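**Q** Have a look at this prediction, sequence included:
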Amino acid sequence: MEVSEAAIRVLGSLLGARTGQQLAMSRSWRIHTVLQSLVRERGLGSLDRLVHAVAAGGEPELADAVVDALLNNETSFYRDRTSFEQLLGPALARLEEARARTRRLSIWSAGCSTGQEAYSLAMWFAERKSRWAGWTIEIVASDVSRAAVEQARGGLYSQFEVQRGLPVTQMMRWFEERPGANWQISDELRAMVRFEMRSLIDAPPAPGRFDIILCRNVLLYFAEPVRRTVFSRLAEAAAEDGVLMLGAGETVIGQTRAFVSDPDCRGLYLRHPEAMAPCRAAS
Amino acid sequence: MKSCLVVDDSKVIRKVARHILETLNFTVEEAGDGREALARCEEHMPDVVLLDWNMPVMGGMEFLRTLRQRDIEPQPKVVFCTTENDAAHIRAAIDAGADEYVMKPFDRETLESKLQIVGVA
């Protein structure tokens, strides 16, 4: 079914205002599919009626649901394993040495979706307790989608979600089976991650000066000027020798001067030495 | 090119798995039950076996136990792929020597990630 240009404009402006993301005409094929269940659920009869209800502005909760539906929450545990191996291998070893005195590491999963990325990291540290004994490992994860953050906090995953990217031995160690083919992540891992609802165009979360920032497969949804702003936000949030990990197909080249390629770790980026000094994080 | 033996009594599942595996650059052999799978393994040992649980003639667990008892080096990786999706079945499969476990239904990304985990993709 065709989605009218007028409807796309209304939805695009809502998405842009809430998240900074753009809704290009080229993505219009997806709109009908993702909003159809919402149309049915609310008994609205047609996509046009849904768009009218959103445009009228009297139902903020409906607008929240539309934004959540339009966001792409695709993610999985240890997504792009090669990049994770680089991050948790040489890059982390370098940070471990650099932070040997403070014994503190801060990690931000920026655009965390339903939490699999943050929990992958939590799992990795939890399985190496003796190496990190005496360290404070702070994992903060944020996403603009209320529904995604709520699921992440709850740590309940469908059978389909739990097995994507996660070795079965880790699944059996860290998850418990629940009715309805769901799997519940352990309280130990849940306690290791702090989830926040936050847009990437807002101030970064506390504590700031993150040693590792993961921002994967999100930047592609921003128009160029917003993308530059987000890169600046990420640079502000990064420690001077902090590492940025992007999605497998993403790069900083031609996008920003705030980060440069990490010469030692393929696919990872370092804050540019001349990038702005870290700002205070949001409280 | 790595090879995969798909063992499932459902032609449809074998066809779906074959399609996914071929896009991942695997050569694919098929078997409809555990006994046929053992015969295939004697002719040519695959790098990985994608194995259903419930099948006529010989089921997945019996196939796995028989395979693991054989003096073969290296042993192929075995990935269960089944609708037996509860923790007890998963634990039993791991104890019997399965390397990974895919709960049906599955998609390309899930299967690819499991094949990467066992080191064949």
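**A** Good, I have the coordinates.

**Q** Residue B:105: neighbouring residues, count only.
**A** Using other Cβ atoms under 10 Å in any protein chain shown, residue B:105 has 11 other residues around it. C-beta coordinates here come from the backbone N, C-alpha and C atoms, glycine included.

**Q** What helix or strand is the residue nearest to the spatial centre of chain B located in?
**A** Note on chain B: the residue nearest the mean C-alpha position is residue B:50, at 1.7 Å, using Cα atoms, centre = their mean. Element membership of residue B:50, judged by DSSP states H and E, is strand B:48-51.

**Q** Residues contacting that strand, please?
**A** Strand B:48-51 is contacted from outside by B:2-8, B:17, B:21, B:26, B:37, B:41, B:60, B:63-64, B:67, B:76-82, B:98, B:102, B:111, B:115, B:118, B:120, using Cβ atoms under 8 Å, 6 or more residues apart in numbering or on different chains.

**Q** and after that strand, which helix or strand comes next?
**A** helix B:60-69.

**Q** ok, residue A:181 touching residue B:85?
**A** Yes - with contact defined as Cβ atoms under 8 Å, residue A:181 counts as touching residue B:85 (6.4 Å).

**Q** Around chain B, which positions in chain A sit nearby?
**A** Within chain A, the residues that sit near chain B (Cβ under 8 Å from any Cβ of the partner chain) are A:76, A:78, A:81, A:159-160, A:163-169, A:171-172, A:176-177, A:181.

**Q** What's the PyMOL syntax to select whichever of those residues are buried?
**A** Paste this into PyMOL to select the buried members of the residues of chain A next to chain B, with burial taken from 16 or more other Cβ atoms under 10 Å in any protein chain shown:
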select buried, chain A and resi 76+78+159+163+164+165+166+167+168+171+172+177
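
**Q** Contacts only, for residue A:113.
**A** Counted by Cβ under 8 Å, 6+ apart, residue A:113 has contacts A:73, A:74, A:75, A:143, A:145, A:148, A:152.

**Q** Quickly find the element holding the last one.
**A** For residue A:152, the host element (DSSP H and E) is helix A:146-154.

**Q** now that helix, how far from the centre of its chain.
**A** 12 Å (Cα atoms, centre = their mean, to the nearest Å).

**Q** Now do the SS call for residue 85.
**A** Picking chain A for this. helix (DSSP: H, G, I helix; E, B strand; the rest coil).

**Q** I was after chain B.
**A** With three-state DSSP as the criterion, residue B:85 reads coil.

**Q** residues contacting it?
**A** Counting by Cβ under 8 Å, 6+ apart, residue B:85 touches A:159, A:181, B:103, B:104.

**Q** can you rerun that using 7 Å?
**A** A:159, A:181, B:103 (Cβ atoms under 7 Å, 6 or more residues apart in numbering or on different chains).

**Q** again with residue B:37
**A** Applying Cβ under 7 Å, 6+ apart, the residues near residue B:37 are B:5, B:7, B:31, B:49, B:63.

**Q** Which helix or strand contains it?
**A** Using DSSP H and E, residue B:37 falls in helix B:34-43.

**Q** Could you give the number of residues near residue 40?
**A** Just so you know, I chose chain A. For residue A:40, using other Cβ under 10 Å, the count is 10.

**Q** that's the other chain; I wanted chain B
**A** 18.

**Q** From what I see, it and residue B:5 are in contact.
**A** Yes - counting by Cβ atoms under 7 Å, residue B:40 does reach residue B:5; the two are 5.6 Å apart.

**Q** what do these two both touch?
**A** Common neighbours of residue B:40 and residue B:5 (Cβ under 7 Å, 6+ apart) are B:29, B:31.

**Q** circling back to that earlier point, tell me which of the contacts of residue B:37 is nearest to chain A?
**A** residue B:49 (15.2 Å; Cβ to the nearest Cβ).

**Q** how near is the closest one to residue B:97?
**A** From residue B:49 over to residue B:97 the distance is 11 Å, taken as Cβ to Cβ, to the nearest Å.

**Q** coming back round to it: which strand residues sit across from the residue nearest to the centre of chain B in the sheet?
**A** Using DSSP bridges, the beta-bridge partners of residue B:50 come out as residue B:6, residue B:79.
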